[in-house]
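[1] below are the sequence and a predicted model; questions follow.
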Amino acid sequence: MRVSRLFSHTLKELPSEAQVESHRLLIRGGFIQQLAAGLFGYLPLARRVMNKIEAILHEEMQKIGGQEVTMPVILPSDIWKDSGRWYQIGAEMSRFTDRKDHEMCLAMTHEEALTDLARKIVKSYKQLPLLVYHVQTKWRDDPRPRAGLIRVREFTMKDSYSLDTDWEGLDKQYRAHYQAYFNIFHRCGIPVQAVTSDTGMMGGKLAHEFMYLTEIGEDTIITCPSCGYTANRQVAVSRKEPLPGEEPKALEKVHTPGCKTIEDLAAFLSIPREKTAKAVFFMAEIAGTSEETEEKLVMAIVRGDMELNETKLANAVKAKEIRPAREEEIEAVGAVPGFASPRGIKDALVVVDDLIPESSNLVAGANETDYHLVNVNYGRDYQAALVTDLVAAGEGDRCTRCGASLKAAKAVEVGNIFKLGTRYSESMGCVFQDKDGDTKPVIMGSYGIGVGRLMAAVAEEHHDKDGLIWPVSIAPYQVYLIRINDTQDDLPCEKADGLYEELLEQSLEVLYDDRDERPGVKFKDADLIGLPIRLTVSKRSLEAGGVEFSVRGTGEKRVVPLEKVLEEVKETLFTLFQELQAKVVPQEYRD
RNA sequence: CGGGAUGUUGCCUAGUGGCUAAGGCGCCUGCUUUGGGAGCAGGAGAUCGGAGGUUCAAGUCCUCUCAUCCCGACCA
């Protein structure tokens, strides 16, 4: 491809909207154009990167037995009603009616569509196991797209779906994906960590997320440097140390004027925060099987020194959505914000962290302004509907497995794998007959990787002050060939044109900067676009004996005789591929 | 959905109620130049996001609205 014909152009100045480096460089390099919030056009350079990423996805999926399909991008409501998600998912799903007034939606994922295909095709255990996948556009009306391609509304995703007769089969396919995902990310030149995660709207039993660690990430992962425990903060657990046991003492009401926070309270009473119980209120929408959802006030109690994990709470009460409760909603059940206590409230779902029953004589609210209760004991003074782990793990907490100090890090989720189990097969009637003639639901898994997000993550990982540095496996082209024009001498142009033809004949992917521009412009653009190899043909290089050869990111430059350039390019590309391939190794499975 | 910020030509910006909205980049024409975003000359390109209002006078002040970005909520 000649740069003079390329459908894009580079920018000298930083686009003011772009805040993160991957976004800036992809715009400046002429890879993408934004159309609206979370909506992008992908220009030829980006398209080629994504084609290569997709080719890797196809290869790794087919290696583990995947068969490619295409499903509609517009789906009828019926199948979503079958699974129940029509009612569970909110505004993130875009719905509309067709001309016949049928309810439809834009596919935000394809579990239902795939399960529908499977229930029509799979009849017998003899057909299983199966692995079906697709690479398609999905739409999620995210309330807040951000950071360029990291979080968008319309995106291309590789989704695969495994179908098995039993849990052992699922486990096998799940582990196959676990390994395939590491292969994919390593082939794309990006380091990832697999962490256990929340199953979110997918439902199901177990999930891993593949995390690329970066400051711009919006997920937090918790890792143990000692034993290797890693989890998304949404589900991470830490060791909770109970205080030394005490005999329950008599309940006592004390005057605590203006003490609305745990800090105020602990300071006023001169007690450690561990001796207090914190009450946090949420409104939870409990999902039903129909359009009716019940909104209920949830009162969560954790020890004063600990932080509530909202995901754990939402999962504990099986809520579709939770949001902080408003003051009047709290007051409606008889509680007093700032001085709230589970004692004597009505019509609220009380959920207590499992450390609370082991903690005696805590200070809690009195449900009366400016008063708290001292020596509150779970069981004696109040009861809860649920007792479970509600506490957020954080930096410095103790690992539950080995006791070492946990670390927290920011990350971007570039892939996920879910053990769905029978979540969709049961609700949608995707069943098969086993050897004994029994009818059983298919055991399913679902596995996703976002193509654009992966490209952005690679851009985030591989760049320097001058521009992008694409890993050879997904670079839009392999070679950036520069010709430096000379008004006195046609030879550099002729040699460069000739070299371009030769590179093409050898099926090498080359971007040829044939523009009538000054050298500086071409060098800057070459750095910005970030192809692995740069070749420069100029009067100077010819006088020095050939073509200047440099590898992006190394700073190294040397002159290679014209007749050896093709060989040198091939060898270098091979070496670069080898370096990436060296990272594709078996991974230990952790859950 | 809450909080904050910003909308001036394809991009980056100036313009602090007063003449024909200014500059740089990019683009077009010509000349010159050719190893790290050149120079000279000429040119095209804006109903200042939109609507309403205040005023003798609005890019500038007010109201509403739309859009985008950031933080939070949410989410893969």
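    Everything's here; your move.
[2] which residue is nearest the middle of chain A?
    A:Glu413 (2.2 Å; C-alpha atoms, centre = their mean).
[3] for that one, name its beta-bridge partners.
    A:Glu413 forms beta bridges with A:Met211, as assigned by DSSP bridges.
[4] what residues are up against it?
    Neighbouring residues of A:Glu413 by C-beta atoms under 8 Å, 6 or more residues apart in numbering: A:209-211, A:219. Backbone N, C-alpha and C define where each C-beta goes, glycine included.
[5] try it again with 6 Å
    A:209, A:211, A:219 (C-beta atoms under 6 Å, 6 or more residues apart in numbering).
[6] from A:Leu499, how far out is the most far-flung residue of chain A relative to its centre?
    The C-alpha centroid of chain A is most remote from A:Gln488, which lies 55.5 Å away (C-alpha atoms, centre = their mean). Distance, A:Gln488 to A:Leu499, using C-beta to C-beta, to the nearest Å: 20 Å.
[7] hmm, back to that, which among the contacts of A:Glu413 count as buried?
    A:209, A:211, A:219 (16 or more other C-beta atoms under 10 Å).
[8] closest to A:Ile150 among the residues you listed?
    Each of the buried ones among the contacts of A:Glu413 was scored against A:Ile150 by C-beta to C-beta, and A:Asp219 proved nearest at 11.0 Å.
[9] for A:Glu567, see how far away A:Met108 is.
    49 Å.
[10] now do the strands in the stretch 51-200 of chain A.
    A:67-68, A:74-76, A:95-97, A:103-106, A:130-139, A:154-164, A:193-196 (DSSP state E, counting those that start in this stretch).
[11] rewinding a little: which ones among the contacts of A:Glu413 also lie next to RNA strand B?
    A:209, A:219 (C-beta under 7 Å from any atom of the strand).
[12] by pLDDT, give me the weakest of the contacts of A:Glu413.
    Minimum pLDDT for those is recorded at A:Asp219 (86).
[13] please name the nearest non-neighbouring residue to that residue.
    Leaving aside its chain neighbours, A:Asp219 sits nearest to A:Ala411 (5.1 Å; criterion: C-beta to C-beta, 6 or more residues apart in numbering).
[14] how much space between the one you found and A:Phe210?
    9 Å.
[15] hang on, the earlier thing: which one of A:Met108 and A:Glu567 is surrounded by more residues?
    For A:Met108 and A:Glu567, the more surrounded residue by other C-beta atoms under 10 Å is A:Met108, and the numbers stand at 20 against 11.
[16] so for the more buried one, what's the pLDDT?
    At A:Met108, pLDDT is 94.
[17] isn't it right up against A:Asp142?
    No. If you go by C-beta atoms under 6 Å, A:Met108 and A:Asp142 don't touch, sitting 9.8 Å apart.
[18] beyond the host helix or strand of A:Ile322, next helix or strand please.
    Using DSSP states H and E, A:Ile322 sits within strand A:319-324. Downstream of strand A:319-324, the next assigned helix or strand under DSSP H and E is helix A:327-332.
[19] rounded mean pLDDT for that following helix, please.
    pLDDT averaged over helix A:327-332 gives 71.
[20] near RNA strand B, anything from that helix?
    No. If you take C-beta under 7 Å from any atom of the strand as the test, helix A:327-332 misses RNA strand B, and the best it gets is 14.1 Å.
[21] what does the residue in the stretch 451-591 of chain A that RNA strand B sits nearest to show for phi and psi?
    The stretch 451-591 of chain A approaches RNA strand B most closely through A:Gly520 (2.5 Å), counting by C-beta to the nearest atom of the strand. When read as degrees, to the nearest 10, the backbone of A:Gly520 gives phi -60, psi -40.
[22] wait, doesn't A:Ser473 sit right on A:Arg187?
    Yes. Look at A:Ser473 against A:Arg187 with C-beta under 6 Å: they come within range, at 5.4 Å.
[23] who has more neighbours, those two?
    For A:Ser473 versus A:Arg187, neighbours defined as other C-beta under 10 Å are more numerous around A:Arg187 (22 against 19).
[24] in the stretch 351-500 of chain A, which spans are helices?
    Counting by DSSP state H, counting those that start in this stretch, the stretch 351-500 of chain A has these helices, from start to end: A:423-428, A:451-461, A:491-505.
[25] so of those helices, which one's packed in deepest?
    Among these, helix A:451-461 has the highest mean neighbour count (mean count of other C-beta atoms under 10 Å), at a mean of 25.
[26] strands along the stretch 251-400 of chain A, start to end?
    A:252-255, A:277-286, A:294-303, A:319-324, A:348-353, A:362-368, A:371-376, A:386-388.
[27] stretch A:458-476 near RNA strand B at all?
    Yes. On the criterion C-beta under 7 Å from any atom of the strand, stretch A:458-476 is in touch with RNA strand B at A:Asp466.
[28] in that stretch, which residues are buried?
    So, applying 16+ other C-beta under 10 Å, buried residues of stretch A:458-476: A:458-463, A:467-476.
[29] just stretch A:580-591 next, same as before
    So for stretch A:580-591, counting by 16+ other C-beta under 10 Å, buried means A:Leu580.
[30] go on, stretch A:376-384?
    A:376-378, A:381-382, A:384.
[31] let me see the mean pLDDT of stretch A:230-249.
    78.
[32] now do the same end-to-end measure for that stretch.
    In stretch A:230-249, first residue to last residue: 40 Å (C-alpha to C-alpha, to the nearest Å).
[33] fine by me, thanks again.
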